[in-house]
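In: Okay, sequence plus prediction incoming.
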Amino acid sequence: MSNFLQCPYEKSHQILEARMQFHLIRCRRNHPNAPKGVCPFNVTHIFNDAELEFHLKVCPDRVKYDNYCNVDEAPTKPTTPPPKPIYESTENWDDEPPVPSYNPTEYARNAPVLRSVSGAKPSERRRFRQEEHVRLRNRLD
Ligand SMILES: [Zn+2]
Ligand SMILES: [Zn+2]
């Protein structure tokens, strides 16, 4: 399916999304005095203000930015909690040993899932992730 976008310079230009970047190169020549704007993801991306909205969709630094944010926002969910022990006993429950409570952190430490840390500095997070990959590789080998 083709996705047409409206040219930011001329409302009458309906341009295929895939062709928009090429079209803008030609069309912006007709608007040499358009106000300039800077990409919020990379200050070296300077565009005519009108093009900025389109650029934000395709900016390669935005992709990096999104991925970076997702790493920290992804919930660390252990896959499934360990099965709870089932007591089929008529004994007084007060006499039972305490049921080990489910500890997500402890479980994640032993489970083959990626953990992440929150609140750490980027460099610490990066090191943590590397250690996690090593840990998982050792575990899965
Ligand atoms: Zn145009
Ligand atoms: Zn950009």
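Out: Received the coordinates, thanks. Numbers count the residues shown, from 1 in each chain. Ligands and ions are numbered 1, 2, ... in the order given.

In: Which helix runs longest in the chain?
Out: The residue-count maximum for a helix in the chain (DSSP state H) belongs to helix 122-140.

In: Sketch out the low-pLDDT regions of the chain for me.
Out: 1, 68-81, 87-102, 104-120, 140-141 (pLDDT under 70).

In: And the strands in it, which stretches?
Out: Ranges of strands in the chain, per DSSP state E, are 4-6, 14-16, 36-38, 46-48.

In: Ok, which of those strands comes nearest ligand 1?
Out: strand 14-16 (6.7 Å; CB to the ion). Heads up, the C-betas are built off the backbone N, CA and C, glycines and all.

In: Okay, buried residues for the closest one please.
Out: Neighbour counts using 16 or more other CB atoms under 10 Å place residue 15 of strand 14-16 among the buried residues.

In: got the contact list for that strand?
Out: Contacts with strand 14-16, where a contact means CB atoms under 8 Å, 6 or more residues apart in numbering, come from 2-7, 23.
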